[in-house]
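build the 3D model from these lines:
(2 chains)
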Amino acid sequence: MQYQLKINGESRTVDAEPGTPLLWVLRDELQLTGTKFGCGVAYCGACTVHVDGYPTRSCQTFVEDAVETEITTIEGATDKVAEAVQAAWREKDVVQCGWCQSGQIMSAIGLLTENPSPTDADIKEYMYGNACRCVTYVRINEAIKLASQKLEA
Amino acid sequence: MTINVSRRGFLKASAAGTTALLVGVNAKGVLAAGSTASAATDLNPFVKIDADGTVTVIIKHFEMGQGTTTGLTTLVAEELDADWDAVAIDFAPANTERYKNLFFGAQGTGGSTSIANSFMQYREAGAAARDLLVRAAAQKWGVDASSISVENGMLTSGGNSAHFGEFVAIAATLEAIEKPTVKTPDQFKLIGSEKLHRKDNTGKTNGTAMFAMDVNLPGMIYAAIMRSPKFGGTVVSFDDSGAKDVGGFIAAQVLPNKAGVVAFGKNTWAAFQARDALSVEWDFSAAETRSTDAMIADHKAMLDAPQFDVNHEVPLASVAPILADAATTIDAEFDFPFLAHAPLEPENCTIEPTENGVRVHDGCQFPTFTQPMVAAVLELDPSQVEVKTLYAGGSFGRRANATSDYNTEAAMAFAVSGRKVPVKLVWSREDDIKGGYYRPMSAHRAKIGLDADGKIIGWDHRLAVKSIVKGTPMAGMVQNDIDPTSAEGVAESLYNVPNFGIGLSDFQTPVPINWWRSVGHTHTGFVMESLMDMVATQTGQDPIEMRLSMLDGGTANQARMIEAIKLVRKISGWKKGDKRGFASHLSFNTCVAVVADITVEETSVHVNKLFMAVECGVAINPDVIRAQMEGGAGFALCAILRNQITLTDGEVDQYNFPDYELLRNEEMPEIEVAIVPSNNAPTGVGEPGVPPTGPAVANAIFAQTGKRIMDLPMTKAGFDFV
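Prediction:
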């Protein structure tokens, strides 16, 4: 089947079987490999993208359900909030292996877009679904606070 | 001389028509200079400097998050006086002779050795490159070399000033000095700096960093493997009629070693779906069919009559009469489950046909194993197998195994595919959790004898665990029948214990096992530090004071550990009678001491804060060290709290993160890391944070509840974590 998707502001046509998770369409068909595969059951958050502005697990989003939505991946995360988050991530040297970090960043952008001044508790609750095997959580939380400050300044 | 494809890659990468300076080791193993313009240069470089001044450090280790790319780059940039921001990295090709880990004699990463083994090698390469540039500048400017200063990638003498690139062409014609002088610690600008940021920061925050699973090649097909549900089973027959209904399914084939059936698809999803639709008949005659409870009982039975005395000078038989005279004894048994490494990037590997052989795309931890293993499967000469190392989405030991399991699987899949197109093998998370190569199960039993004054007079320590290295190409590590990775942490305890007998039994099971971040110390550290806490409790001593008194032997590592313990006592404000938990442990030549501050409400435990002090020699990148302590502590917490791989009739019970749950953001405690100042050679940091964290928390639980955790994970003792 052919599907018309709007990804990072561009219209893309893909050939995929119905029921294919958006994750694999992004990675294998469109070479948007910044979105990562971690578990396939929505339990780690490595595959997080934005669908109509909301952080969404692309491993649980069928390609047919992504039609007529606005999809943003890490490659297209370029707005003011995204820039602040990515800069804060680098300033705090958050990353280790890096595999979960696209998903962490997409969730953090979602959080700061909804709530520009989150408390520590807000951050921990919102980021609960993004697992990091290297355990970079201390720095993730510091970076979100720093990005929040940058955006307020 | 054969120029391998990757070397040609380096050459091509230099701007057309210009020369780049290379500094590395030559065929004689000594430092030498060369240039990309000279095709005869028999040199695989550590440092490359282009005519535009760009410095590229060639990283002989892989990057799984531990910070090696930053660390090795720091060593070169320090001695070169390079501009940190203008230094790039590239991963070395497979070439054991040139890029071996100096501690292993093999090209590979592990045992927290990357910085330690490279410390002088990469500094000397940087110093040699600097010296070449200085002499080239002296020649070009007609000045004395001693008049030239180097800073931030610029050379200056009087009114002359220019960047590195200006002197590359001349420098490439000069002879390198084989033993350059390196800086003294007071001259360090980058080593120890808090201002350097990680070299892999940008790519890993904008999605451009290339991991193995990100490889997309023209014509590539995807593979997923149905493996035996019981370890050691083999394929009798299979039926792929179900797979034929899966869109994108290409074909299914039995692997040549009959360990599984591979399904090929036109993308990862099709391969997964087709694999799941296969119906396979298995032969389980050589397979593990026991359940976990039976395997624990079998480990414990082996403790009754250990097969080997680890310490030949103190056989267990000599300890028994001493313990018979003890005023009191402390008796304890511990058991530990299998654990999966669960790197967040599931195992994967792409094999691509080349003109001359194949190219392996992998987050490759041990090229020295991968290259010949893949070559053997494909009946190629190892020189026909090029290894392209990419970022690895975690490993924790998983990727370093002597069978190169998933590389070999990918090679088998490529072989049965017809070898015409690239094949990408991808493991699902279920494959990873159920697929073996676990931290081995183990059981310990200890009897510690105390005299009437509470002094230890003898210690009978027994453990049973499957050997990681016996029966593998790494069996050379075995000494006097003892796999050192089984008993490490007990056998090399820093404490002055008289009459310390250690008995070891090698458990046997077809379940594949492997090193898991901190290897034997994952269980030996927990046992030793729990037992020390039990001795302190029994004798009414402060746990920290007691340990300090037992380290007073004057060895260098005992002195280092005393420093770490005193530092953590200071930063945590520890007081006698403290209801927090303490543990300290030496592993990978690094001393780490931990104080755990927890709150227990009935059976719910919350870890509030961990204080950690580390003695790891000179701190190359202090922030990377802190990050590794944070990560190591969190990795340990997750394991001791709730992780276990269990078997029912030989089949793994867990399937994915819902029942092998990783530590979550809100569960991570606050953490404070202090580094003992030192100018000694650096020691490891990737693993040593793991061993003392678990027992520090367990000892805190005992301090607050009187309940001693001896069977892991702690959920078995009825605790949950909030």
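
tell me the contacts of the closest residue to chain B within chain A?
Proximity of chain A to chain B (Cβ to the nearest Cβ) peaks at residue A:34, 2.2 Å away. Every C-beta, even on glycine, is put in place using the N, C-alpha and C of the backbone. Residue A:34 sits next to A:73-75, A:102, B:206-208 when contact means Cβ atoms under 8 Å, 6 or more residues apart in numbering or on different chains.

so how do I select the buried members of those in ChimeraX?
Only the buried entries of these go into this ChimeraX selection, using 16 or more other Cβ atoms under 10 Å in any protein chain shown:
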select /A:73,74,75,102 /B:206,207
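
remind me, longest helix of chain A?
Using DSSP state H, we find that the single longest helix of chain A is helix A:137-152.

and it, what does it pack against?
Under the contact criterion of 3 or more Cβ pairs under 8 Å, 6 or more residues apart in numbering or on different chains; DSSP states H and E, helix A:137-152 touches helix A:80-91, helix A:101-114, helix A:120-126, helix B:622-642.

could I get those helices as TSV with mean pLDDT and distance to residue B:460?
Below are the helices and strands packed on helix A:137-152 laid out as TSV (pLDDT from 0 to 100; distance: least, Cβ to Cβ, whole Å):
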stretch	mean pLDDT	distance to residue B:460
helix A:80-91	98	51
helix A:101-114	98	48
helix A:120-126	97	46
helix B:622-642	97	25
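
for residue B:61, which of those is the nearest?
Taking Cβ to Cβ, helix B:622-642 is the member of those nearest to residue B:61, at 13.5 Å.

so which bits of the closest one are buried?
For helix B:622-642, burial by neighbour count (16+ other Cβ under 10 Å) applies to B:623-642.

and whatever helix or strand comes next after it, which strands flank it?
Per DSSP states H and E, the first helix or strand lying C-terminal to helix B:622-642 is strand B:647-648. Strand B:647-648 pairs in its sheet with strand B:651-652 (antiparallel), by DSSP bridges.

go back to the buried residues of helix B:622-642 and keep what's next to chain A.
For chain A, the contacts drawn from the buried residues of helix B:622-642 by Cβ under 8 Å from any Cβ of the partner chain are B:623-624, B:627, B:630-631, B:633-635, B:638.

for those residues, which one is nearest residue B:369?
For these, the closest approach to residue B:369 (Cβ to Cβ) belongs to residue B:635, at 24.1 Å.

got the phi and psi for residue B:604?
Dihedral angles of residue B:604 (phi, psi; degrees, to the nearest 10) stand at phi -100, psi 120.

show me where pLDDT drops low in chain B?
Residues of chain B meeting the criterion pLDDT under 70: B:1-18, B:37-42.

quick check: closest non-adjacent residue to the residue of chain A closest to chain B.
Nearest residue to residue A:34, sequence neighbours excluded (Cβ to Cβ, 6 or more residues apart in numbering or on different chains): residue B:207, at 2.2 Å.

the one you found touches residue A:104, doesn't it?
No: assessed by Cβ atoms under 8 Å, residue B:207 is found out of contact with residue A:104, at 12.0 Å.

what segments of the stretch 201-350 of chain B are strands?
Under the criterion DSSP state E, counting those that start in this stretch, strands of the stretch 201-350 of chain B are mapped to B:221-227, B:234-239, B:249-254, B:260-265, B:279-283, B:308-309, B:328-336, B:348-353.

of all those, which lies closest to residue B:461?
Of all those, the one in closest proximity to residue B:461, counting by Cβ to Cβ, is strand B:328-336 (10.0 Å).

gap between residue B:654 and residue B:714?
Residue B:654 sits 17 Å away from residue B:714 when distances are taken as Cβ to Cβ, to the nearest Å.

neighbour count for those two, which is higher?
residue B:714 (23 against 19; other Cβ atoms under 10 Å in any protein chain shown).

in the longest helix of chain A, which residues are buried?
A:137-148, A:150-151.

now the residues you listed as TSV including pLDDT?
Listed next are the buried residues of helix A:137-152 as TSV, based on pLDDT from 0 to 100:
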residue	pLDDT
A:137	98
A:138	97
A:139	98
A:140	98
A:141	98
A:142	98
A:143	98
A:144	98
A:145	98
A:146	98
A:147	98
A:148	98
A:150	94
A:151	95
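
for the residue nearest the centre of chain A, list the residues it contacts.
Geometric centre of chain A, nearest residue: residue A:106, 2.8 Å, by Cα atoms, centre = their mean. Counting by Cβ under 8 Å, 6+ apart, residue A:106 makes contact with A:48-50, A:55, A:72-74, A:77.

same thing with residue B:332?
The contact partners of residue B:332, taken as Cβ under 8 Å, 6+ apart, are B:444-446, B:530-531, B:534, B:708, B:710.

swap in 10 Å and give it another go.
B:444-448, B:527, B:530-531, B:534, B:708, B:710 (Cβ atoms under 10 Å, 6 or more residues apart in numbering or on different chains).

can you pick the most crowded of those residues?
Highest neighbour count within the contacts of residue B:332, by other Cβ under 10 Å: residue B:444, with 26 neighbours.

wait, is it part of a strand?
Yes: with DSSP: H, G, I helix; E, B strand; the rest coil as the criterion, residue B:444 is part of a strand.

hang on, it packs against residue B:465?
Yes: look at residue B:444 against residue B:465 with Cβ atoms under 10 Å: they come within range, at 8.8 Å.

who touches both of these two?
Listed as contacting both residue B:444 and residue B:465 by Cβ under 10 Å, 6+ apart are B:299, B:336, B:523-524.

list the residues that contact residue B:270.
A:16-17, A:20, A:24, A:28, B:221-222, B:224, B:243, B:246-250, B:263-264.

please read the previous query as pertaining to residue B:160.
B:137, B:140-143, B:147-148, B:166.

what distance do you get for it to residue B:166?
Distance of residue B:160 to residue B:166, computed by Cβ to Cβ: 10 Å.

list residues touching both of these two?
Contacts common to residue B:160 and residue B:166, judged by Cβ under 10 Å, 6+ apart, are B:137, B:140.
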